[in-house]
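**Student:** Sharing a model prediction with you, sequence too.
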Amino acid sequence: MLKVVKIRIYPDSSQKLALAKAFGSCRWLWNYFLNLMNETYKKTGKGLSGYDVKKLIPELKKQEETAWLSETYSQCLQQVCLNLGVAFNNFFEKRAKYPNFKKKQGKQSLQYPSNVSIKDDCLNVPKIGLIYAKIHRPIEGKIKTVTITKNCCDQYYASVLIEDGKDKPTLSSEGKAVGIDLGLTHFAITSDGSKFDNPKILNKHEKNLKRKQQQLSRKQKGSNNRNKARLKVARVHKKITNCREDFLHKLSRRMVNENQVIAVENLNVKGMMQNHCLAKAVQQVGWGQFCTMLKYKAEQEGKVYIEVDRFFPSSKTCHVCLNKIDSLPLNVRYWSCVKCGTKHDRDINAAINIRDEGLRILQTSGTGDKACRQTVSRGKGGRKKSTTTLVSGQEANTVTSVQCG
């Protein structure tokens, strides 16, 4: 089974210089071949694959103007071509947008597909040498790929992809099931009646962030003081990201440890971001990241993760008698069923309905080794619902700026 361990590395000054050259070489090669693919398509109407441009690397190294490409490990340059080909495949299959040109500012990354090893507390990288690493957990298994990244705070990380030699656990639905309703006032409400408050991490650091951004705006562009102020702003953003991820990791781990079947609602987060009144609150809460964590952690533990259709009326349906009311405004948090007289907490009732709907989908799918994902397609007759079965572990091939967490 494939696993990824992300570790912090601390290169010295000479290693930082070598990494900067490697980042620059990979970035230049990506932009060069992307431009070549664009121009070739305009002239001939046919594109080039990643393997086609990969054959041009030896010729570029022989030219005097681009002889500096030889200073970078050859397999890193080859991986750039393969990643560019994957980026175009994702675009044509409508999984991602058209590949963009990379810039010197911001996050930098490069991939080592082989010949990277771990010695004691160091990472042995070709043409770089031994880089001190803070290995916080044992890395057991065969190292497949290592991706080195540099973030906006000038911090270096290595994402180590390993094959531990173990089989993926068989999914089983025998055990406790839970439904999770996501919200803004309370981040998550479970079918057991538990409510987890929204930490609103951005609000806690917003004043400090505003002050740092004001200081940045007053600095002269291109000056060292502006670069120092930029690092201060980046550190605040990094602090917000770390706090959010810490909360999401702990909550998702708790949900996976305590339950065997986890059902959540397939929310249209991108559509909610179009509402300017809620965009800021939706952006800082991290629903999509939380669902991603739930999914991969459940798969690693052999548990079932199910997504229920976003148009399923979970809040407006009584979980006791299944009576559905016509309308339920957002300001109504408690309501009583007209048919059976049960008093409902809006969020807890929705979580219970999500759990029941997830179990129903799981039973109709026939086996417990598949998780069902609901998708919605629109037709001439209005909204049309359809159910797509997603085999657990099957994911789209995504490329991320030559690395991407």
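**Tutor:** Okay, I see it. Numbering: from 1, shown residues only.

**Student:** Which helix or strand lies directly C-terminal to the helix or strand that contains K61?
**Tutor:** Here K61 is covered by helix 57-62, with elements defined by DSSP states H and E. Beyond helix 57-62 in the direction of the C-terminus, DSSP H and E gives the next helix or strand as helix 74-92.

**Student:** one step back: so for the helix holding K61, what gets flagged as buried?
**Tutor:** Taking 16 or more other Cβ atoms under 10 Å as the neighbour-count basis, helix 57-62 is seen to contain the buried residues 57, 60-61. In short, each C-beta sits where N, CA and C put it, glycine included.

**Student:** For the stretch 251-400 of the chain, give me the ranges with low pLDDT.
**Tutor:** Within the stretch 251-400 of the chain, the segments meeting pLDDT under 70 span 366-400.

**Student:** the strands in it, which residues?
**Tutor:** In the stretch 251-400 of the chain, the strands defined using DSSP state E, counting those that start in this stretch lie at 261-265, 304-308, 334-336, 343-345, 370-379, 382-391.

**Student:** Next: the stretch 1-150 of the chain.
**Tutor:** Listed from the start of the chain, the stretch 1-150 of the chain has strands (DSSP E, counting those that start in this stretch) covering 2-10, 108-112, 117-119, 122-125, 129-134, 142-150.

**Student:** Between those strands, which one is closest to M37.
**Tutor:** Of all the strands of the stretch 1-150 of the chain, the one in closest proximity to M37, counting by Cβ to Cβ, is strand 108-112 (19.6 Å).

**Student:** And that closest one, what does it pack against?
**Tutor:** Taking 3 or more Cβ pairs under 8 Å, 6 or more residues apart in numbering; DSSP states H and E as the contact definition, the neighbouring helices and strands of strand 108-112 are helix 13-44, helix 74-92, strand 142-150.

**Student:** thought A133 was touching I9?
**Tutor:** Yes - A133 is in contact with I9 according to Cβ atoms under 8 Å; the separation is 4.6 Å.

**Student:** Next, show the common contact partners of those two.
**Tutor:** Taking Cβ atoms under 8 Å, 6 or more residues apart in numbering as the contact rule, A133 and I9 both touch 123, 158.

**Student:** what's near enough to touch K200?
**Tutor:** K200 sits in contact with Q284, where contact means Cβ under 8 Å, 6+ apart.

**Student:** For V264, see how far away it is.
**Tutor:** Counting by Cβ to Cβ, to the nearest Å, the gap between K200 and V264 amounts to 21 Å.

**Student:** same check, this time on V282
**Tutor:** Summarising the geometry, the distance separating V282 from V264, computed by Cβ to Cβ, is 16 Å.

**Student:** Then K250?
**Tutor:** The spacing between K250 and V264, counted by Cβ to Cβ, is 17 Å.

**Student:** Look at those two and report which has more neighbours.
**Tutor:** V264 (25 against 10; other Cβ atoms under 10 Å).

**Student:** Distance of the residue sitting nearest the centre point of the chain relative to A298?
**Tutor:** Among the residues of the chain, Q289 comes closest to the average C-alpha position under Cα atoms, centre = their mean, at 6.1 Å. When Cβ to Cβ is applied, the distance between Q289 and A298 equals 15 Å.

**Student:** Next: A20.
**Tutor:** Plainly put, A20 is 40 Å away from A298 if you go by Cβ to Cβ.

**Student:** okay, those two: which has more neighbours?
**Tutor:** Comparing A20 with A298 by neighbour count (other Cβ under 10 Å), the higher total belongs to A298, at 23 against 14.
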